[in-house]
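In: Sequence first, then the predicted structure:
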Amino acid sequence: MNTIPKKVALQPLTGQRPALFDLWTMYQFHTGLLAIKANVPPGTVQAMVGNQPVRRCEAERVLAQLSAILHQEFTLQTVYVALLTE
């Protein structure tokens, strides 16, 4: 019997929006490649994975590229990202 897994909604462990670390745990995307595609320094994606604050514009670019890579929509409204106050 061949079963095809059903797509399930992402449920973060905290009951809140998932953090980038939660998404990385689920999908194991390459953080360096994501940084290159988003045109941000590699440290930006690493900071996001570690829940460290980053600039809003860089976080938006990272999430937009992650959306393109994974064919799902990820935004600051759906993913927790610590943002720098500018």
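Out: On my side now, so go ahead. Numbering: from 1, shown residues only.
In: how about the helices in the protein?
Out: Under the criterion DSSP state H, the chain contains helices at 20-27, 31-38, 42-49, 56-70.
In: So which of those helices is the most surrounded?
Out: Between the helices of the chain, helix 42-49 has the highest mean count of neighbours, a mean of 20, where neighbours are mean count of other CB atoms under 10 Å. The way it works is simple: take the backbone N, C-alpha and C, and place the C-beta from them, glycine included.
In: which secondary structure elements does that one contact?
Out: Here helix 42-49 touches helix 20-27, helix 31-38, helix 56-70, going by 3 or more CB pairs under 8 Å, 6 or more residues apart in numbering; DSSP states H and E.
In: Go through the ones you listed and name the closest to residue 84.
Out: With respect to residue 84, and counting by CB to CB, the nearest of the helices and strands packed on helix 42-49 is helix 56-70 at 7.5 Å.
In: Pull that closest one out as PDB, backbone CA atoms only.
Out: Written as PDB, here are the backbone C-alpha positions of helix 56-70 (Å, rounded to 0.1, in the frame of the first residue of the first chain):
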ATOM      1  CA  ARG A  56      13.000  44.400   9.200                       C
ATOM      2  CA  CYS A  57      13.900  44.900   5.500                       C
ATOM      3  CA  GLU A  58      16.400  42.000   5.700                       C
ATOM      4  CA  ALA A  59      13.900  39.700   7.500                       C
ATOM      5  CA  GLU A  60      11.300  40.400   4.900                       C
ATOM      6  CA  ARG A  61      13.700  39.500   2.100                       C
ATOM      7  CA  VAL A  62      14.700  36.300   3.800                       C
ATOM      8  CA  LEU A  63      11.100  35.300   4.400                       C
ATOM      9  CA  ALA A  64      10.200  36.100   0.700                       C
ATOM     10  CA  GLN A  65      13.000  33.900  -0.600                       C
ATOM     11  CA  LEU A  66      12.100  31.100   1.900                       C
ATOM     12  CA  SER A  67       8.500  31.400   0.500                       C
ATOM     13  CA  ALA A  68       9.800  31.000  -3.000                       C
ATOM     14  CA  ILE A  69      12.000  28.000  -2.100                       C
ATOM     15  CA  LEU A  70       9.400  26.100  -0.100                       C
END
